[in-house]
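S.K.: Kindly return the folded structure for what I paste below:
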Amino acid sequence: MDINFNKNEDYNKLQLAELKKKLLTVYKGGGDAKIEKHKAKGKLTARERIDYLLDENCNSIEIGAFVGENMYKEHGGCPSGGVIVKIGYIKNKQCIVVANDATVKAGAWFPITAKKNLRAQEISIENKIPIIYLVDSAGVYLPMQDEIFPDKEHFGRIFRNNAIMSSMGITQISAVMGSCVAGGAYLPIMSDEAMIVDKTASIFLAGSYLVKAAIGESIDNETLGGATTHCEISGVTDYKASDDKDALDKIKNIVDKIGDFDKAGFNREESSEPIKNPEELFGILPKTRTDQYETKEIIERIVDNSEFEEYKKDYGKTIICAYARIDGWAVGIVANQRKVVKNGKKEMQFGGVIYSDSADKATRFIANCNQKKIPLVFLQDVTGFMVGSKSEHGGIIKDGAKMVNAVSNSVVPKFTIITGNSYGAGNYAMCGKAYDPRLIVAWPSARLAVMGGAQAAKVLLQIEKATLKKKGEEITKEKEQEILASIQKKYDAQTSPYYAAARLWTDAVINPLDTRKWISMGIEAANHAPIEKQFNLGIIQV
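M.R.: Model prediction:
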């Protein structure tokens, strides 16, 4: 190991420590005082509910832990979007669980809460896996109702999805474990089966105060919409639970009886750990995002036995295409090569840049994986497509369009891991969020933006200087450096993986050592949904 390896390792492990520190804060939801108040009511927290529901010592992955980070500051913040979403196992059956966090604004729905709930339903729909709702919410956050109520991807879409999912035969089970009010009351009742916890939970379209104001009727909330009312009088709920654990036990018993599912039939053999030490990822990945490294060394520490079969090895070298296995699952890997390479007698090429030949190779490989029903894994560290007259004359736009077409029309499940840069159209071609990866996650080293920070800052500086000159202001060297530093700081903040995760552009920021788990559980989920469409590229310019 050389000195650079050690420097990289120190830096990347510090990045990992920062990730773990941030997660510890996120796990506290609304904070210690709110948690204490919540538990004083005899209730488990959202995270405790999920932990109790999932099988002991089973693998699980959390979707959107950083959702809402540093957003809505004027409203007191919204950690994790006020809702916890995990994929795990209940009675050995893979499920997705959605639990309102009542320690965050009483579980009220912010705009990002709706987006996160819709993402959970999207995962359930795409993979046809059961979804469990643990409801404890005060409903829409009224100060922001105009951003959450009426549009297509707002609050109402949740209930539309409930109906669609039911028609698809996707199991939906709800447990009302606290407040469930107004429009939100439809979610558990549009599920297949619903239960309610006695004395601590209630369901109604309008609470006692609103009923009094609207029609003059005086009634308490328990009589209006408590467990006894809905289990014995209205018939709205199917089961009455004595406490949180009793409700969760009832869910376990129901899930335990679900029959087997039709499988997509993705190839899997017995899993093998990588021969090359995955811990070495921290030393291989460079500290600086512009530095070169050998992407194949990353792949060797992710795939079974550190083995892969490279496709068109000596052609289009800035993208690596390879067949491999991850936790036993057969996969096709499409990865940006960050080491500067030479193609035959051609001039030196830029690492991480997509050239025409690389795009052509990737398009063919993606088509092959679709033909063979092999899930695709994209390892993104891409600075974009090659520019300049030579590339334009060579048809880079045409070849790039072919690759985007193949990614868009792919019918096998896709999984995207952003290990480094994710810039511009490179993000699109390498299966960014807009291209429907089943799961998309980032390492702490990731950067997402329309272009690199240095280039963007210089462009923005020119615009700012022109604006100031029009106003007659003199731009000194000192002033120019001050403006540049300000722009760079703001731009760097916006390219952070946490900024992306807060807005659900990615599903998570993960420890690189968890990459295999995310891909494996993702393919396992996808195996619940047989492929019903044929791969068809449509019209492309060859």
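
S.K.: so what does the host helix or strand of G283 touch, helix or strand wise?
M.R.: For G283, the host element (DSSP states H and E) is helix 281-284. Applying 3 or more Cβ pairs under 8 Å, 6 or more residues apart in numbering; DSSP states H and E, one finds that helix 281-284 contacts helix 3-26, helix 295-300. The C-beta positions use only the backbone N, C-alpha and C, and glycine is treated the same way.

S.K.: can you give me phi and psi for the residue sitting furthest away from the middle of the chain?
M.R.: Using Cα atoms, centre = their mean, the residue of the chain lying farthest from its centre is G472. It sits 47.1 Å away. Torsion angles at G472 (phi, psi; degrees, to the nearest 10) stand at phi 80, psi 10.

S.K.: ok, now which ones touch the closest residue to D101 other than its chain neighbours?
M.R.: Spatially, and ignoring its direct neighbours in sequence, D101 is nearest to A46 (4.2 Å; Cβ to Cβ, 6 or more residues apart in numbering). Contacts for A46 (Cβ atoms under 8 Å, 6 or more residues apart in numbering) come out as G29, V83, I84, A99, N100, D101, A102, T103, L134, D136.

S.K.: ditto for L513
M.R.: L513 makes contact with P278, E279, L281, according to Cβ under 8 Å, 6+ apart.

S.K.: give me the number of residues near K250?
M.R.: 18 (other Cβ atoms under 10 Å).

S.K.: Make 39 the first number, not 1, from now on.
M.R.: Sure, I'll start counting at 39 from here, so that last one is K288.

S.K.: so it is in which element?
M.R.: helix 282-294.

S.K.: which secondary structure elements does that helix contact?
M.R.: Helix 282-294 packs on helix 84-91, strand 121-128, strand 131-138, strand 210-219, strand 231-235, strand 277-279, going by 3+ Cβ pairs under 8 Å, 6+ apart.

S.K.: Which of those sits closest to A251?
M.R.: Closest to A251 of the helices and strands packed on helix 282-294, according to Cβ to Cβ: strand 210-219, at 14.6 Å.

S.K.: Check which strands are paired with that closest one and give the direction for each one.
M.R.: strand 169-175 (parallel), strand 231-235 (parallel), strand 240-242 (parallel) (DSSP bridges).

S.K.: per-residue confidence for Q387?
M.R.: pLDDT recorded at Q387 is 66.

S.K.: cool, and the one 10 residues further on?
M.R.: In this prediction, A397 carries a pLDDT score of 95.

S.K.: Settle this for me: it is touching M441, isn't it.
M.R.: Yes. Contact criterion Cβ atoms under 8 Å: A397 and M441 qualify, at 4.2 Å.

S.K.: For the two, list the residues in contact with both.
M.R.: A467.

S.K.: what's around V425, how many residues?
M.R.: Neighbours around V425, by other Cβ under 10 Å: 10.

S.K.: Now do the closest residue to Y277 other than its chain neighbours against P324, distance only.
M.R.: Nearest residue to Y277 in three dimensions, chain neighbours excluded: M233, at 3.7 Å (Cβ to Cβ, 6+ apart). Per Cβ to Cβ, to the nearest Å, M233 is found 52 Å from P324.

S.K.: Confirm that A439 sits in a strand.
M.R.: No. Going by DSSP: H, G, I helix; E, B strand; the rest coil, the assignment for A439 is helix, not a strand.

S.K.: Give me the pLDDT value at it.
M.R.: pLDDT, A439: 90.

S.K.: is it true that it touches I577?
M.R.: No. Assessed by Cβ under 8 Å, A439 is found out of contact with I577, at 10.5 Å.

S.K.: Looking at those two, which has the bigger crowd around it?
M.R.: A count of neighbours by other Cβ under 10 Å puts A439 above the other of A439 and I577, at 17 against 5.

S.K.: Could you measure from that one over to S446?
M.R.: 10 Å.

S.K.: again with A567
M.R.: Distance, A567 to S446, using Cβ to Cβ: 19 Å.

S.K.: Of these two, which one has the most company?
M.R.: A567 (20 against 15).

S.K.: Surely the more buried one forms part of a helix?
M.R.: No. A567 is assigned coil when assessed by three-state DSSP, not a helix.

S.K.: what's the neighbour count on I337?
M.R.: Neighbours of I337 (other Cβ under 10 Å): 22.

S.K.: right, I mislabeled it, should have said I296
M.R.: If you count neighbours by other Cβ under 10 Å, I296 ends up with 14.

S.K.: low-confidence ranges in this structure?
M.R.: Where the chain drops to pLDDT under 70, the residues are 39, 221, 380-387, 431, 490-492, 494-495, 579-580.

S.K.: Quickly list what the residue lying closest to D276 once chain neighbours are set aside is bridged to.
M.R.: Spatially, and ignoring its direct neighbours in sequence, D276 is nearest to E231 (5.0 Å; Cβ to Cβ, 6+ apart). E231 forms beta bridges with I211, as assigned by DSSP bridges.

S.K.: list the contacts for E231?
M.R.: Counting by Cβ under 8 Å, 6+ apart, E231 has contacts I211, S212, D276, Y277, I292.

S.K.: From G216, how far off is the last one?
M.R.: According to Cβ to Cβ, I292 and G216 sit 20 Å apart.
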